[in-house]
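*Asks:* Give me the fold of what follows.
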Amino acid sequence: MSIDADIADLLWSYDARSVDPEANADFVVLAILRLGTWEQILWAFSHYGLSRVKKVIERDYFGARSLPVSVRALWGHVFWPESPPPELVNPISRWQPTRSRQLQERAASEVRRRLGNALSSSGLTQRAFASLLGTSQPRLSSYLSGKVMPSAELLVRAEQVAKALRQVDLPVAPAT
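*Replies:* Now for the predicted structure:
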């Protein structure tokens, strides 16, 4: 099955003869939503059905974000009026890919793990370790809990201090 000529115009960067409107339905719907006329949009809804078009919009709206913000905002207002696009709530999120949050969470977890390891291998209290790092115990605690992300410089310094303390054989003070 080939694509209609008026829809093929929207796929200007592809060989329209090779685009199967059924196998590539998501691609065709997104192209129509991005560049199509009102008649072409009506064709998409009549050809693919409300449910299928809504699923394509939903995947883009809550995930891929390939449609322009204005287009996503329009369809979001139609289908999910209580949930505006993230870019309209937080303008900075426009430049954050959806996977970056997952990567940031993994990185934050790794930083907390490494900082915790440095503290425990140092054998010092949080207060003493924080003092050697040039910060306060409450601030170090906020780093370890994940409330605040320490700088890369502080993490490197913490690991260097812990390594240096492991290499020095310090006398252990008797417990009081």
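*Asks:* For the chain, name the helix or strand with the lowest mean pLDDT.
*Replies:* Least confident helix or strand of the chain, by mean pLDDT, DSSP states H and E, is helix 86-89 with a mean of 62.
*Asks:* Okay, and residue 149 sits in which element?
*Replies:* Assigned by DSSP states H and E, residue 149 belongs to no helix or strand.
*Asks:* Next, count neighbours for the nearest residue to it once chain neighbours are set aside.
*Replies:* Leaving aside its chain neighbours, residue 149 sits nearest to residue 108 (6.0 Å; criterion: CB to CB, 6 or more residues apart in numbering). Yep, even glycine has a C-beta here, placed from its N, CA and C like the rest. A total of 13 residues lie near residue 108 under the criterion other CB atoms under 10 Å.
*Asks:* Kindly report the same for the one 10 residues further on.
*Replies:* Residue 118 has 22 neighbours, counted by other CB under 10 Å.
*Asks:* is it true that it touches residue 154?
*Replies:* No - assessed by CB atoms under 8 Å, residue 118 is found out of contact with residue 154, at 10.2 Å.
*Asks:* Could you give the average pLDDT over the helix or strand just after the least confident helix or strand of the chain?
*Replies:* Tracing the chain past helix 86-89, the next element assigned as helix or strand by DSSP H and E is helix 98-122. The average pLDDT for helix 98-122 rounds to 83.
*Asks:* Distance check, residue 120 against residue 112.
*Replies:* Look at residue 120 and residue 112: by CB to CB, to the nearest Å, they are 12 Å apart.
*Asks:* do the same with residue 61
*Replies:* According to CB to CB, residue 61 stands 32 Å off from residue 112.
*Asks:* Comparing the two, which residue is more hemmed in?
*Replies:* When residue 61 and residue 112 are compared for neighbours, residue 61 comes out ahead with 21 against 17, by other CB under 10 Å.
*Asks:* what's that one in contact with, if anything?
*Replies:* 67, 72, 75-76, 79-80, 85 (CB atoms under 8 Å, 6 or more residues apart in numbering).
*Asks:* The protein - how does it break down into domains?
*Replies:* Following automatic domain parsing, one gets these domains for the chain: 5-95, 98-167.
*Asks:* weakest of those by average pLDDT?
*Replies:* Lowest mean pLDDT within the domains of the chain: domain 5-95, a mean of 79.
*Asks:* Now do that domain: distance to the chain's middle.
*Replies:* 21 Å (CA atoms, centre = their mean, to the nearest Å).
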